[in-house]
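Q: Just a sequence and a predicted model for now, questions to come.
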Amino acid sequence: METVQTALWVVVMLVVLAVLFDFMNGFHDAANSIATVVSTGVLRPGQAVVFAAFFNFVAIFIFHLSVAATIGKGIVQPGVVDTHVVFGALVGAITWNLITWYYGIPSSSSHALIGGIVGAVIAKAGAGALLSAGILKTVAFIFVSPLLGFLLGSLMMVAVAWIFRRARPSGVDKWFRRLQLVSAGAYSLGHGGNDAQKTIGIIWLLLIATGYASASDASPPLWSIVICYAAIGLGTMFGGWRIVKTMGQKITKLKPVGGFCAETGGAMTLFLATMLGIPVSTTHTITGAIVGVGSTQRASAVRWGVAGNIVWAWILTIPASAFVAAIAYWISLQMF
């Protein structure tokens, strides 16, 4: 009886830690959903965060749990994960998120979590305990998602410029101020749909590892789904204004038409990845789309130095969070 009570206490603590990560994911990645719509002046910051949070949560009714399944069953071999691995993974991801938030660097909460899982699992059982297919498709999309966002964002911008080539600039601006609400809503849907599922996945992984769920279950418990979508929405409402400034103004200056094209290109990428069950970075995706939109005007419209610093953060995310996770794993062995 004592063992069950202790195990339950540890599981509850780790679920709370996972929900905290989910909240921080929304807080850290709020910029992805609202930077463009704020920087173009379409919505005030307070309006934008409530708008984005609403669509983050509404995504619960739209997307299947394919990304959660990838995290819960497609990254690590069955039987390897335990409470120490989950603790290490979450601490590694949260630590990296805090560091990048403090310095205003738009890094990926998604890949911080993947890096955390990888680091903790390697610390326990070595690299052979990882499932290469799940890891490889996730790593591949570190490059694919920003490139696809870049391509779709730039193609949207070129198409819009051609379609409205004879229209008055003031009229175009007026129309796209309205349309940007649609594109921002779509991007927030994609953000909630892909990112909330990552935390659902790690809670599912924890419950399976501790015997509170079965690996044969078709989906995680309903309570975990609702809590995770609510947490990411609340995190978005609190916002991460340091990163909003970087995303909305430092990479390139955006007008409503550019914001619409970036958000639409990014949303299309997220919808595709979520349907395929691939945990992608919403940060990478929207950054690629913003750079794509800016580059269609002229290469000098993009501050490539800022974009380069962001790319370095992308490269460091998985190894840095993995390193912290490995240390946290060893510490947890002494704690519980």
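A: Thanks, I have it.
Q: Tell me where the stretch 1-150 of the chain is predicted with low confidence.
A: For the stretch 1-150 of the chain, the stretches flagged by pLDDT under 70 are 1-6, 30-33, 106.
Q: just checking, what packs against the host helix or strand of Ile327?
A: For Ile327, the host element (DSSP states H and E) is helix 304-335. When contacts are defined as 3 or more Cβ pairs under 8 Å, 6 or more residues apart in numbering; DSSP states H and E, helix 304-335 packs onto helix 83-102, helix 109-125, helix 282-297. Any C-beta I mention is one placed from the backbone N, CA and C, and that applies to glycine too.
Q: List the buried residues for the last one?
A: Just to be clear, that refers to helix 282-297. Neighbour-count burial for helix 282-297, counted by 16 or more other Cβ atoms under 10 Å, picks out 282-296.
Q: could you say which helix or strand contains Ala262?
A: Secondary structure assigned from DSSP H and E places Ala262 in helix 256-275.
Q: That helix relative to helix 282-297, how many degrees between them?
A: If you take axes from the mean of the first three to the mean of the last three Cα atoms, to 10 degrees, helix 256-275 sits at 140 degrees to helix 282-297.
Q: Buried by neighbour count: which residues of helix 256-275 qualify?
A: 256-274.
Q: for the helix ranked longest in the chain, packing partners?
A: With residue count as the measure and DSSP state H as the assignment, the chain has helix 169-209 as its longest helix. Under the contact definition 3+ Cβ pairs under 8 Å, 6+ apart, helix 169-209 sits against helix 2-39, helix 45-58, helix 66-73, helix 83-102, helix 109-125, helix 222-238, helix 256-275, helix 282-297.
Q: Nearest to Ala326, out of the ones you listed?
A: Smallest distance to Ala326 across the helices and strands packed on helix 169-209 (Cβ to Cβ): 4.0 Å, for helix 109-125.
Q: contacting residues for Gly266?
A: Neighbouring residues of Gly266 by Cβ atoms under 8 Å, 6 or more residues apart in numbering: 32, 149, 152-153, 187, 190, 282, 285-286, 288-289.
Q: which ones are touching Leu90?
A: For Leu90, the contact set (Cβ under 8 Å, 6+ apart) comprises 14, 17-18, 21, 113, 116, 202.
Q: Look up how far Ala161 lies from the residue lying closest to Ile208 once chain neighbours are set aside.
A: Nearest-residue entry for Ile208: Ala215, 5.2 Å, with adjacent residues in sequence omitted and distances by Cβ to Cβ, 6 or more residues apart in numbering. Note on Ala215: its distance to Ala161, by Cβ to Cβ, to the nearest Å, is 51 Å.
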